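Undergrad: coordinates only, sequence not included:
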C-alpha cells in the first residue's frame, strides 16, 4: 500500500509537467524586456491550468515526503526516472515533439537503471 506514495509522486509530476507545457504554449515565447517578462509571468501564473500544474507539483512533493517515511531513498529514487519516460512519449503524442534514437537509447538505459536499482 505504501507504493501509492511513489505512484502519486510519479503521476502528479507527469501531470504538472505536461499541463504547464500545454498552457504556456498559449502565451508564446518569454519576452526579452524585463517589464514584459514580468507581465508574461503574471499572466501565466493566473492561468487556472498552470496553477493546477503547480498544485500537482506540491502534491507530488507531499507524496514524496510520505514515501520517504516508508522506504529507503536508495530504493525510491530510481522510480523518479519514470516521469522522464512518460513525458517523452506523451510530449510526442500531445505536442508532436520528436522522439530520436538518442532519446530512445536514453530511455532504455533509464529503464535498465530502474530495474537494477529496484532489486536492491
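TA: Done, it's in. Please read all numbers here as calculations on a predicted model, not as lab measurements.
Undergrad: ok, residue 85 - contacts?
TA: 107, 110, 111 (CB atoms under 8 Å, 6 or more residues apart in numbering). (Each C-beta comes from the backbone N, C-alpha and C, glycine too.)
Undergrad: quick check: buried residues in stretch 112-120?
TA: Residues residue 114 are the ones in stretch 112-120 that count as buried (16 or more other CB atoms under 10 Å).
Undergrad: so which residues make contact with that stretch?
TA: 74, 75, 77, 78, 79, 81, 82.
Undergrad: tell me where the chain has strands.
TA: Counting by DSSP state E, the chain has no strands to list.
Undergrad: any regions of it where pLDDT drops low?
TA: 120 (pLDDT under 70).
Undergrad: re the thing from before, now tabulate the contacts of residue 85 in CSV and tack on neighbour count and distance to residue 10.
TA: Converted to CSV, these look like this (neighbours: other CB atoms under 10 Å; distance: CB to CB, whole Å):
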residue, neighbour count, distance to residue 10
107, 17, 15
110, 16, 13
111, 13, 14
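Undergrad: helices of the protein, residue ranges please.
TA: 3-24, 34-45, 48-70, 73-76, 82-95, 101-119 (DSSP state H).
Undergrad: and those helices, which is most packed in?
TA: Most buried of the helices of the chain, by mean neighbour count (mean count of other CB atoms under 10 Å): helix 3-24, with a mean of 18.
Undergrad: for the contacts of stretch 112-120, which one is nearest residue 37?
TA: Residue 37 has its nearest neighbour among these in residue 81, at 32.1 Å by CB to CB.
Undergrad: got a list of what that closest one touches?
TA: 110, 113, 114.
Undergrad: distance-wise, check the second one relative to residue 77.
TA: I take that to be residue 113. Distance of residue 113 to residue 77, given as CB to CB, to the nearest Å: 10 Å.
Undergrad: great, nothing more from me.
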